[in-house]
Every structure is written in C-alpha cells, then in structure tokens.
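# next comes the sequence, and after it the predicted model I'd like to discuss.
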Amino acid sequence: MDRSTNLDVEELKMTREQYILATQQNNMPRMENAQLYPVGIYGWRKRCLYFFVLLLLVTMIVNLAMTIWILKVMDFTVDGMGNLRVTKKGIRLEGISEFLLPLYVKEIHSRKDSPLVLQSDRNVTVNARNRLGQLTGQLTVGADSVEAQCKRFEVRSSDDDRVLFSADEDEITIGAEKLKVTGMEGAVFGHSVETPHIRAEPSQDLRLESPTRSLIMEAPRGVQVSAAAGDFKATCRKELHLQSTEGEIYLNADTIRLGNLPTGSFTSSSSSNSRQTVYELCVCPNGKLYLSPAGVGSTCQSSSNICLWS
C-alpha cells in the first residue's frame, strides 16, 4: 500500500511540472515568427515633406525681402512715411500730396514761409454741413467761374475786421470808402440807386446819363450839385424843368446867360431903332421867357406874340 501511494504522489508531481512548463511555453512570445515594422516617414512622403518645408522657407525669405523693399521705398520711419509726418500738433505733409478719396480734417494750414495751394483738374469745392449732414454753404472754384452758395456772403478787412462787402437775399452792402468802376460804360443800374454822395476821380468828369429815359434825382431834404473846380452843365433834348413847390429857385453868379431866347414884338408910337442892341427879359403868364426891345419903360406885354402862341 505504501508503494502505490508513493507512485500516485510522483505522478501528481510530474503532471504539475508538465502543466507549469506548458503554461510557460505558451506565455513566451515566439521570436522566430514575429515581423519588425520600421518607425518614421520614408519614400515619397519624405520627399514631399522636404519640398513643402523648402517652399515655405523660400516664401518667407521673399516676403521678408519684399517687406524690407516696401519700407525702404515708402520711407517708413518712426515719425511717419514719405512726405507724411505725425507730430504732436497733427499730421504734416511736405511737397505735393494727392487724395483720391474724401478728406475729413478740422484745420488745414501751410507753413509760415509758403502758401497753401489746392489744385484740381476740374474744380475745387468746399462744403460746410450742419450736424444733420445738410449742406449749409458751398464754395466752388471752377475753370470759368467762382460760385458761392450760402445765406450771407461777407468780405472783411484784415486790419479792423470791418465788413467791406456783404450780400444776402435782401441787400448788397459795400462798406469800402470808395467804389471804383473802371469800365468804359461805367455802372449800369436797372432800378433806383440810393447813396449820400457821388463824386468822380480827381481831374475826371462826373457824368450822369440816361440815354433813353429820364434821369430823376430826389431827396427829402434837397439835392446839392456842385462843381468846385469846373463847370456844371445840364443838357436835355426837349425840356428842362426847375420846380420848387414851397421855396425859391436861386441863381447866384457873376454872369447868367440864357441863349436862343425868342424875341417878342413891340408896338408903340415911336418906332424902335433897327440897330437895337439892348433887350429886356420878359416872362409870360405861363412862365415862358422871351426878349423884348428895351425902351424908356417896360416893353413886356402879356399879349405878345410869344405868349399868345406858346
């Protein structure tokens, strides 16, 4: 019995050892049957990657070169670019500048030693608008004319800020001390003219003329016409009226001449001398003047032929 027991124990040990050996052999990898795969990029993929890296490097170099060339040509600096300089007071442009789009600024002025020139191939237009964007004033400088559209146009003196010229819908005011018209035809007025004084240049004649209509001068306190260093001459084609409703007509001169007066007839008992050289100035009831041969007494007759046929 002891011998059979020992045999069973030995068989059990052998079975256990076989099981352990079989299990270890199954867990061990079979190196002879395993395949090795390479790690990385090889072949055409590697060549494409190198090509794209090289292309990117060339593009970066060209871009950097173009940027440096643009900076050099445009003259970029810390203060600005080209003729444009950024200062504490604003933007400064030197030389000739061209704007293709609208320019919005608060103030434009030139240097102290140079003028400000605005130049355009067609015209230069300056617009002024209110807060709502509505156009309130416009100044257009064109090739043929200068136009200003505004409610009131003023020209002021630079010395005392006095208004020299102003125009609006109601009136035109000239504030200068002298209005000088240098045209050959003078000044032409379609309607009435109101002025306190009219005078000519020194050594020049003053002429008021109405070729086809009448010339009327009126004033509530009188009209004074004087020629201090020359003659005063009033000429008309038909009639010259001197009328005073409440005053008198005063002629004060060393010599008063009335030419081309008609001579009236005079009938008396004594015949007049054919060589009559002295005449008497007579006035008809209607105010017409005529000459009558002078005699011992007055020879003026209301029944003279001049008075009857006038």
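Here it is on my side, so go on. Keep in mind that this is a model prediction, so the values were computed, not measured.
# please make it C-alpha for all contacts and neighbour counts, starting now.
Fine.
# now the helix or strand that contains L57: average pLDDT?
Assigned by DSSP states H and E, L57 falls within helix 44-73. If you average the pLDDT over helix 44-73, you get 92.
# domains in this structure, as residue ranges please.
122-177, 257-310 (automatic domain parsing).
# any chance of a markdown table for the ones you listed, columns distance to R111 and mean neighbour count?
Listed next are those as a markdown table, based on distance: least, C-alpha to C-alpha, whole Å; neighbours: other C-alpha atoms under 10 Å:
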| stretch | distance to R111 | mean neighbour count |
| --- | --- | --- |
| domain 122-177 | 19 | 12 |
| domain 257-310 | 70 | 13 |
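# comparing the ones you listed by mean pLDDT, which bottoms out?
Between the domains of the chain, the lowest average pLDDT goes to domain 257-310, which shows a mean of 75.
# all the strands of the stretch 51-200 of the chain, residue numbers only.
80-81, 84-86, 91-93, 124-129, 135-141, 146-149, 153-156, 163-167, 172-174 (DSSP state E, counting those that start in this stretch).
# give the pairing partners of the third one; include direction for each.
Going back to what we said before, that points to strand 91-93. If you go by DSSP bridges, strand 91-93 pairs up with strand 84-86 (antiparallel).
# could you dump the domains of the chain to TSV with distance to L116?
As requested, those are exported to TSV (distance: least, C-alpha to C-alpha, whole Å):
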stretch	distance to L116
domain 122-177	13
domain 257-310	66
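# among these, which is nearest R92?
Comparing those against R92 with C-alpha to C-alpha, the closest turns out to be domain 122-177 (20.8 Å).
# among the strands of the stretch 51-200 of the chain, which is nearest V58?
strand 80-81 (28.3 Å).
# packing partners of the closest one?
Contact partners of strand 80-81 among helices and strands, from 3 or more C-alpha pairs under 8 Å, 6 or more residues apart in numbering; DSSP states H and E: none.
# now it, how far from the chain's geometric center?
32 Å (C-alpha atoms, centre = their mean, to the nearest Å).
# out of the domains of the chain, which is closest to Q224?
Comparison of the domains of the chain against Q224 by C-alpha to C-alpha identifies domain 122-177 as nearest, at 20.5 Å.
# out of everything not next to it in sequence, what's closest to G142?
Distances taken as C-alpha to C-alpha, 6 or more residues apart in numbering put N123 closest to G142, at 4.5 Å, once the chain neighbours are dropped.
# dihedrals phi and psi, that neighbour?
Main-chain dihedrals, N123, degrees, to the nearest 10: phi -150, psi 170.
# residues touching it, list them.
Going by C-alpha atoms under 8 Å, 6 or more residues apart in numbering, N123 touches T140, V141, G142, A143.
# how much space between it and P102?
Distance, N123 to P102, by C-alpha to C-alpha, to the nearest Å: 15 Å.
# same deal with I96?
Taking C-alpha to C-alpha, one finds I96 at 17 Å from P102.
# neighbour count: these two, which is higher?
Set I96 next to P102 and count neighbours by other C-alpha atoms under 10 Å: I96 wins out with 9 against 6.
# ramachandran angles for that one?
Here is the backbone geometry of I96 (degrees, to the nearest 10): phi -90, psi 130.
# could you measure from it over to F76?
18 Å.
# pipe the strands of the stretch 51-200 of the chain into JSON lines and attach distance to E209 per row.
Output for the strands of the stretch 51-200 of the chain, formatted as JSON lines (distance: least, C-alpha to C-alpha, whole Å):
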{"stretch": "strand 80-81", "distance to E209": "66"}
{"stretch": "strand 84-86", "distance to E209": "61"}
{"stretch": "strand 91-93", "distance to E209": "57"}
{"stretch": "strand 124-129", "distance to E209": "42"}
{"stretch": "strand 135-141", "distance to E209": "37"}
{"stretch": "strand 146-149", "distance to E209": "32"}
{"stretch": "strand 153-156", "distance to E209": "31"}
{"stretch": "strand 163-167", "distance to E209": "26"}
{"stretch": "strand 172-174", "distance to E209": "23"}
